[in-house]
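Engineer: got a predicted structure here, sequence first:
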Amino acid sequence: MKAFFRRLNRTSRVLLVLFVVLAGLALHNYFRYAPGSRHRLRTFYDDAYGFPVYVNQLDFYPDEQPATGSANAVVVGVGPVGIDSSEVRANTPTGEWGRGPVSIDTELLPLPTVLAVNYTSVAEQRSYGGRVPLPRTRFDSVLAHLNAHPALYQSMYAYPDNQPGFELQAGLGPGGLVIVWLLGEQYQVELARAHLPVVPTTWPKAAGVNPDAAFTEPGPPARRFAELRRQVGRAELARLDSFPHVSPALPDSLGRRYRYRLRVLGQPLAPATLDASFLNNEQEPLPTPGGEAGVLFRAVPDALQYTVAGTDLPTHERSTVFEPRETRRAFARVQAACAPGEVPELRLTTSGEDVRVELRCHHLTVPLLRAITYVGPD
Amino acid sequence: MQSSPPVAPAPSFNALLGAGLVLANTLLLYWYLFYYEVSENDQLFYGPVLATSWAAQWMFLAAGSARPWRVWYWVVAGLSGAAAGLLWLGYFWLRAFARGFNH
């Protein structure tokens, strides 16, 4: 044995060391391997009850990550594996509206054990953040049932080679309610449910009232009853601003109505519907291109759903979500610039795949730049 | 006729052992990286990664071997290096222009 090693030159020794290292790695891989431990995952998020949410972070981690700073810190850098939304967020640096696919459908990934999420409920104007543990035991029971009754669990999408895949959907609701479902064509299994804590934010503020005063400005402890009563009154005022008793709907889109004319120009928008408010979801047909809907008197539209049908275009269903504060601001500006008796016009102009939305009167045109369009699948 | 000076024949032990180790290492690398469940994206790496490691090991072996073997090892290293370059080009071409519908 000693003679054998003495006969080796430097090259052979290096190659032998490489052999030993690679053999160790391959053996480790062999003993660690468990069939079925990695799955094709596709993840979505959605607002749970049709309320608009603004998502800053939604990441499924395969392993619990050590908390950096506070548990609600927005984590942008993610580990080597894991479904992270940073790629999707790349186009919208601060976050995104509504719904959308988050990530991966071809990678084989271990089932995530935690969901890190940070989102803003627009209806309540509050942000929620935290981590939702996804218990492995729950996954295991679902997988066991899946193996026992494969016919019940049809995969929603056709993966290559008919390999099984899972869809995870995170529903984000008002009150910090987060539900994670495993989805399929015929089934929807709830995996986890959590109430996330409120993340203090500095936006948006009603005039003179800090909605986060209860969280950020606790104030000194009361010494007298009158002082305590004042503090409770202040806290109630701060809370009432964002937690109305009746419903967490947007008071602005309910209360304030505008008079405007809706006009569609450009390429044909075929069959289209218009959501006119957050709450009652009036589905109204859009006027034909070149036409107009007459003078409407209703709340600011918060979203449009329509289909673009062109000769060379794929027919996508689209929904455009307006930033409500910008829309209100634009209405205020245009109304101020209107001549007496003039009705402002909300104009949709399609050119190619783009839809331009602007609010205009005779003297002033305000483009709605922060409209975010989601293009659905074919 | 003057005979050429006697040259001790190069010991082929290290050269042959090194060649065997190169083959074994490539097989082990394949087992480690690509044997168990891999995605379609990882399968695209089969060719370029294995050819690159193959070429690098042959180059290393050729640099450390004596004359008759040295030449042939350089030939193998050059061929596999050229193949690795072509495979990397093909890989990036696929990444850039021939993505599947769900990639």
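Structural biologist: Nice, I can see it.

Engineer: what residues are up against the residue in chain B that chain A sits nearest to?
Structural biologist: Going by CB to the nearest CB, chain A is nearest to B:Gly64 of chain B, at 3.0 Å. Heads up, the C-betas are built off the backbone N, CA and C, glycines and all. For B:Gly64, the contact set (CB atoms under 8 Å, 6 or more residues apart in numbering or on different chains) comprises A:Asn9, A:Arg10, A:Thr11, A:Ser12, B:Asn14, B:Gly18.

Engineer: kindly recompute the last result at 10 Å.
Structural biologist: A:Asn9, A:Arg10, A:Thr11, A:Ser12, A:Arg13, A:Val14, A:Leu15, B:Asn14, B:Ala15, B:Gly18, B:Arg70, B:Tyr73 (CB atoms under 10 Å, 6 or more residues apart in numbering or on different chains).

Engineer: averaged pLDDT, whichever strand or helix holds the fifth one. What do you get?
Structural biologist: In this assignment (DSSP states H and E), A:Arg13 forms part of helix A:10-32. Across helix A:10-32, pLDDT averages out at 93.

Engineer: contacts for it, please.
Structural biologist: Outside helix A:10-32, the residues that reach it (CB under 10 Å, 6+ apart) are A:5, A:8, B:13-22, B:24-33, B:35-36, B:53, B:57, B:60-65.

Engineer: can you give me the buried ones in stretch A:136-149?
Structural biologist: The neighbour-count check on stretch A:136-149 (16 or more other CB atoms under 10 Å in any protein chain shown) flags A:Arg138, A:Phe139, A:Val142, A:Leu143, A:Leu146 as buried.

Engineer: for the last one, what is the enclosing helix or strand?
Structural biologist: Using DSSP H and E, the secondary-structure element containing A:Leu146 is helix A:136-148.

Engineer: thinking again about what came up before, the contacts of B:Gly64: which two are farthest apart?
Structural biologist: A:Arg13 and B:Arg70 (18.0 Å; CB to CB).

Engineer: list the contacts for A:Arg193?
Structural biologist: Contacts of A:Arg193 (CB under 10 Å, 6+ apart): A:Val132, A:Gly171, A:Leu177, A:Val178, A:Ile179, A:Val180, A:Trp181.

Engineer: tell me the secondary structure for A:Pro112?
Structural biologist: coil (DSSP: H, G, I helix; E, B strand; the rest coil).

Engineer: next one: A:Gly341
Structural biologist: With three-state DSSP as the basis, A:Gly341 sits in coil.

Engineer: distance of it from A:Arg138?
Structural biologist: Distance, A:Gly341 to A:Arg138, using CB to CB, to the nearest Å: 63 Å.

Engineer: and for A:Ala339?
Structural biologist: 63 Å.

Engineer: once you drop chain neighbours, what's closest to A:Ile179?
Structural biologist: Nearest non-adjacent residue to A:Ile179, counting by CB to CB, 6 or more residues apart in numbering or on different chains: A:Gly171, 4.4 Å away.

Engineer: CA atoms of the strand or helix carrying that neighbour as CSV?
Structural biologist: Following DSSP H and E, one finds A:Gly171 within strand A:165-172. Output of strand A:165-172 as CSV, limited to C-alpha atoms (Å, rounded to 0.1, in the frame of the first residue of the first chain):
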residue,chain,number,x,y,z
GLY,A,165,-47.2,19.3,-9.9
PHE,A,166,-48.8,21.3,-7.2
GLU,A,167,-50.2,24.8,-7.2
LEU,A,168,-50.0,26.8,-4.0
GLN,A,169,-52.2,29.8,-3.6
ALA,A,170,-51.9,32.4,-0.9
GLY,A,171,-55.1,34.4,-0.2
LEU,A,172,-54.5,37.7,1.4
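
Engineer: which neighbours does it have in its sheet, and in what orientation?
Structural biologist: With DSSP bridges as the test, strand A:165-172 is paired with strand A:38-47 (parallel), strand A:177-183 (antiparallel).

Engineer: rewinding a little: so which of the buried residues of stretch A:136-149 are also by chain B?
Structural biologist: Applying CB under 10 Å from any CB of the partner chain, the subset of these adjacent to chain B is empty.

Engineer: chain B: helices as residue ranges?
Structural biologist: B:13-34, B:40-43, B:46-63, B:67-97 (DSSP state H).

Engineer: mean neighbour count and mean pLDDT for those helices - can I get that in CSV?
Structural biologist: Below are these laid out as CSV (neighbours: other CB atoms under 10 Å in any protein chain shown; pLDDT from 0 to 100):
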stretch, mean neighbour count, mean pLDDT
helix B:13-34, 18, 93
helix B:40-43, 13, 70
helix B:46-63, 19, 95
helix B:67-97, 15, 92
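
Engineer: looking at those helices, which is nearest to A:Val295?
Structural biologist: Nearest of the helices of chain B to A:Val295, taken as CB to CB: helix B:67-97 at 51.8 Å.

Engineer: can you pull the domain assignment for chain A?
Structural biologist: A:38-199, A:201-248, A:251-375 (automatic domain parsing).

Engineer: list the contacts of the residue positioned nearest the centre of chain B.
Structural biologist: The residue lying closest to the centre of chain B (CA atoms, centre = their mean) is B:Trp54, at 1.6 Å. Shown in contact with B:Trp54 (CB under 10 Å, 6+ apart): B:Val22, B:Leu23, B:Asn25, B:Thr26, B:Leu29, B:Val76, B:Ala77, B:Leu79, B:Ser80, B:Gly81, B:Ala83, B:Ala84.

Engineer: mind listing what the second one touches?
Structural biologist: Remark: with contacts taken as CB under 10 Å, 6+ apart, B:Leu23 is in contact with B:Trp54, B:Gln57.

Engineer: got it, and the fourth one?
Structural biologist: By CB under 10 Å, 6+ apart, the residues touching B:Thr26 are A:Leu22, B:Leu50, B:Ala51, B:Ser53, B:Trp54, B:Gln57, B:Trp58, B:Ser80.
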